[in-house]
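Colleague: kindly return the folded structure for what I paste below:
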Amino acid sequence: MLRTQISLEPEMYKRVKSEARRNGISVAEMLRRALASALHPAVSAEKPWMRFAGTLESRDAGSSRSVDEVVYGRGRP
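Modeller: Below you'll find the model as predicted:
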């Protein structure tokens, strides 16, 4: 991993730090995630829906087990 330095306005730094704390991650990790999202990795033409993978976070540890209920309004088949 490379180390770099950036300059932020005080208000932006305050907001980034607060959001990172809320997510239980470091400011550096918060910025890495934001950059990864902004730089959209190449998406296969066979799976264009993959560009959305990982873009939503429910903060519900059981969300992967309850996706049918959330998406379709019913339990798993």
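Colleague: can I assume residue 19 is in contact with residue 30?
Modeller: Yes: using CB atoms under 8 Å, residue 19 is in contact with residue 30, at 6.2 Å. C-beta: built from backbone N, CA, C; applies to glycine.
Colleague: tell me which of those two has more neighbours.
Modeller: Set residue 19 next to residue 30 and count neighbours by other CB atoms under 10 Å: residue 30 wins out with 18 against 13.
Colleague: which non-adjacent residue is nearest the more buried one?
Modeller: Leaving out its chain neighbours, the residue that sits closest to residue 30 by CB to CB, 6 or more residues apart in numbering is residue 20, at 4.0 Å.
Colleague: contacts only, for the one you found.
Modeller: 26, 27, 29, 30 (CB atoms under 8 Å, 6 or more residues apart in numbering).
Colleague: which of these fall within helices?
Modeller: Per DSSP state H, helices hold the following members of those: 27, 29, 30.
Colleague: for the first one, give its distance to residue 18.
Modeller: For residue 27, the distance to residue 18 equals 10 Å [CB to CB, to the nearest Å].
Colleague: output the below-cut-off pLDDT ranges for the chain.
Modeller: For the chain, the stretches flagged by pLDDT under 70 are 40-67, 70, 74-77.
Colleague: before we move on, what SS does residue 20 have?
Modeller: helix (DSSP: H, G, I helix; E, B strand; the rest coil).
Colleague: repeat that for residue 7.
Modeller: Secondary structure of residue 7, per three-state DSSP, is coil.
Colleague: that one: neighbour count?
Modeller: Burial of residue 7 is recorded as 6 neighbouring residues (other CB under 10 Å).
Colleague: what's the answer for residue 25, then?
Modeller: As a burial measure, residue 25 scores 14 neighbours (other CB under 10 Å).
Colleague: chain neighbours aside, what residue packs nearest to it?
Modeller: Excluding the flanking residues, the one nearest residue 25 by CB to CB, 6+ apart is residue 33, at 7.8 Å.
Colleague: which helix or strand contains the one you found?
Modeller: Residue 33 belongs to helix 27-38 when assigned by DSSP states H and E.
Colleague: got the CA positions of that helix in PDB?
Modeller: Output of helix 27-38 as PDB, limited to C-alpha atoms (Å, rounded to 0.1, in the frame of the first residue of the first chain):
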ATOM      1  CA  VAL A  27     -10.600   7.900   8.000                       C
ATOM      2  CA  ALA A  28      -8.000   6.300   5.700                       C
ATOM      3  CA  GLU A  29     -10.400   3.400   5.000                       C
ATOM      4  CA  MET A  30     -13.300   5.700   4.600                       C
ATOM      5  CA  LEU A  31     -11.400   7.600   1.900                       C
ATOM      6  CA  ARG A  32     -10.200   4.400   0.200                       C
ATOM      7  CA  ARG A  33     -13.800   3.200  -0.100                       C
ATOM      8  CA  ALA A  34     -14.900   6.600  -1.400                       C
ATOM      9  CA  LEU A  35     -12.200   6.500  -4.100                       C
ATOM     10  CA  ALA A  36     -12.900   2.900  -5.000                       C
ATOM     11  CA  SER A  37     -16.500   3.900  -5.500                       C
ATOM     12  CA  ALA A  38     -15.700   6.900  -7.600                       C
END
